[in-house]
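Enquirer: Next comes the sequence, and after it the predicted model I'd like to discuss.
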Amino acid sequence: RKEVEQDPGPFNVPEGATVAFNCTYSNSASQSFFWYRQDCRKEPKLLMSVYSSGNEDGRFTAQLNRASQYISLLIRDSKLSDSATYLCVVNEGGGADGLTFGKGTHLIIQP
Amino acid sequence: EPEVTQTPSHQVTQMGQEVILRCVPISNHLYFYWYRQILGQKVEFLVSFYNNEISEKSEIFDDQFSVERPDGSNFTLKIRSTKLEDSAMYFCASSEGWVFSSHNEQFFGPGTRLTVL
């Protein structure tokens, strides 16, 4: 199984700031890409799928660069509730294939 | 909003004992999965299940593990003879299926924390 690499952080960011995370994946044949968030000792929760054209959901923007095998997540106007671990996730084969998770980037929003 | 449920939330067992972890996937979903997360480590794929058979399994999913859909709602993971290193959080997930969703988003249950003593 191929790898997904993320900077583990922690990223300490003041409330209201913009923060960006990056992720690289090693399998060029990967089909689908996601960002999940995970709170301490809880399940991963889907934040957003990542589309080739880039996509935005409120304060969150995700980008995919297939040529560089690179995925990014931008959070604008960060809130205290954004504090969590952000997991970069790749589905290599599509269909019923299992997801490959990065280790996550820990974000702490400071008041 | 429909969600994946799992029972029990916490299971403590002795090494060598059998455990069964239970999951109820989202009702219209067709694909089911088990993942585990050892404390402080990343989430790891174990197995996927579709149309009453295993679709894919990882190298972690050895002969000690089995999955079953015993009825129309439950999806179970059995560990036959638990080892200390099986201690982890086990997450069940389900998805509609790639035919209906080009990205096949997977939704996770709250997990069962397995402690092997």
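Expert: Thanks, I have the structure now.
Enquirer: show me where pLDDT drops low in the chain?
Expert: Defaulting to chain A. Residue ranges of chain A with pLDDT under 70: A:1, A:94-96.
Enquirer: sorry, should have said chain B
Expert: In chain B the weaker segments, taking pLDDT under 70 as the threshold, are B:98-103.
Enquirer: Quick one: the strands in it, in order.
Expert: B:5-7, B:10-13, B:19-24, B:31-37, B:44-50, B:53-57, B:65-68, B:75-79, B:88-95, B:107-108, B:112-116 (DSSP state E).
Enquirer: again, but for chain A
Expert: Under DSSP E, chain A gives strands at A:4-6, A:11-14, A:19-25, A:32-38, A:45-50, A:55-57, A:60-65, A:70-75, A:84-91, A:99-101, A:105-110.
Enquirer: Columns mean neighbour count on top of those strands, output as JSON lines?
Expert: In this view, the C-beta of every residue, glycine as well, is placed from N, C-alpha and C. Formatted as JSON lines, those follow (neighbours: other C-beta atoms under 10 Å in any protein chain shown):
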{"stretch": "strand A:4-6", "mean neighbour count": "21"}
{"stretch": "strand A:11-14", "mean neighbour count": "15"}
{"stretch": "strand A:19-25", "mean neighbour count": "19"}
{"stretch": "strand A:32-38", "mean neighbour count": "23"}
{"stretch": "strand A:45-50", "mean neighbour count": "19"}
{"stretch": "strand A:55-57", "mean neighbour count": "12"}
{"stretch": "strand A:60-65", "mean neighbour count": "18"}
{"stretch": "strand A:70-75", "mean neighbour count": "19"}
{"stretch": "strand A:84-91", "mean neighbour count": "24"}
{"stretch": "strand A:99-101", "mean neighbour count": "24"}
{"stretch": "strand A:105-110", "mean neighbour count": "18"}
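Enquirer: Distance to chain B for those - can I get that in TSV?
Expert: Below are the strands of chain A laid out as TSV (distance: least, C-beta to the nearest C-beta, whole Å):
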stretch	distance to chain B
strand A:4-6	8
strand A:11-14	18
strand A:19-25	12
strand A:32-38	5
strand A:45-50	4
strand A:55-57	11
strand A:60-65	12
strand A:70-75	13
strand A:84-91	6
strand A:99-101	4
strand A:105-110	12
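Enquirer: could you dump those strands to TSV with distance to B:Leu114?
Expert: Compiled in TSV, these are given as follows (distance: least, C-beta to C-beta, whole Å):
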stretch	distance to B:Leu114
strand A:4-6	25
strand A:11-14	31
strand A:19-25	29
strand A:32-38	18
strand A:45-50	21
strand A:55-57	34
strand A:60-65	33
strand A:70-75	31
strand A:84-91	21
strand A:99-101	19
strand A:105-110	24
